[in-house]
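Undergrad: Just to be clear, the model below is a prediction. Sequence and coordinates:
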Amino acid sequence: MKALIVRNYKIAVLAVLGLLISFKIFAQDGGLDVDIDIGKPEWYEQPWVWVVGGAVFILILVALLRKKR
């Protein structure tokens, strides 16, 4: 009798989980088409600015660490 109750409990849990998973799958199928136009990127969004800024930062860091010796 106890095995039957445990079996029914497992079936109920699996059924609820299956239902929740199917809800999640259907919720992700929105078919939404969003077009975001942010325009021209700002100067700080350019990759070359980050490369040059990183190089300058490393040079300043090296100069400060050498000066302490």
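TA: Happy to help now that I have it.
Undergrad: host element of A3?
TA: For A3, the element it lies in under DSSP states H and E is helix 2-28.
Undergrad: Quick one: residues in contact with the helix or strand just after that helix.
TA: Counting by DSSP H and E, the element after helix 2-28 in chain order, helix or strand, is helix 47-67. With CB atoms under 8 Å, 6 or more residues apart in numbering as the test, helix 47-67 has contacts from W43. Heads up, the C-betas are built off the backbone N, CA and C, glycines and all.
Undergrad: Flag every buried residue along helix 47-67.
TA: Residues of helix 47-67 classed as buried: none (neighbour count, 16 or more other CB atoms under 10 Å).
Undergrad: Report the distance from that helix to the chain centre.
TA: Relative to its chain's centre, helix 47-67 lies at 30 Å (CA atoms, centre = their mean, to the nearest Å).
Undergrad: Ok, stretch 43-52 next?
TA: Distance of stretch 43-52 from the chain centroid (CA atoms, centre = their mean) equals 23 Å.
Undergrad: That stretch - what's its average pLDDT?
TA: The average pLDDT for stretch 43-52 rounds to 92.
Undergrad: For A3, give its distance to Y9.
TA: 11 Å (CB to CB, to the nearest Å).
Undergrad: again but with G18, I slipped
TA: From G18 to Y9 the distance is 15 Å (CB to CB).
Undergrad: F26 now?
TA: In terms of CB to CB, F26 sits 26 Å off from Y9.
Undergrad: just G53 next, same as before
TA: 60 Å.
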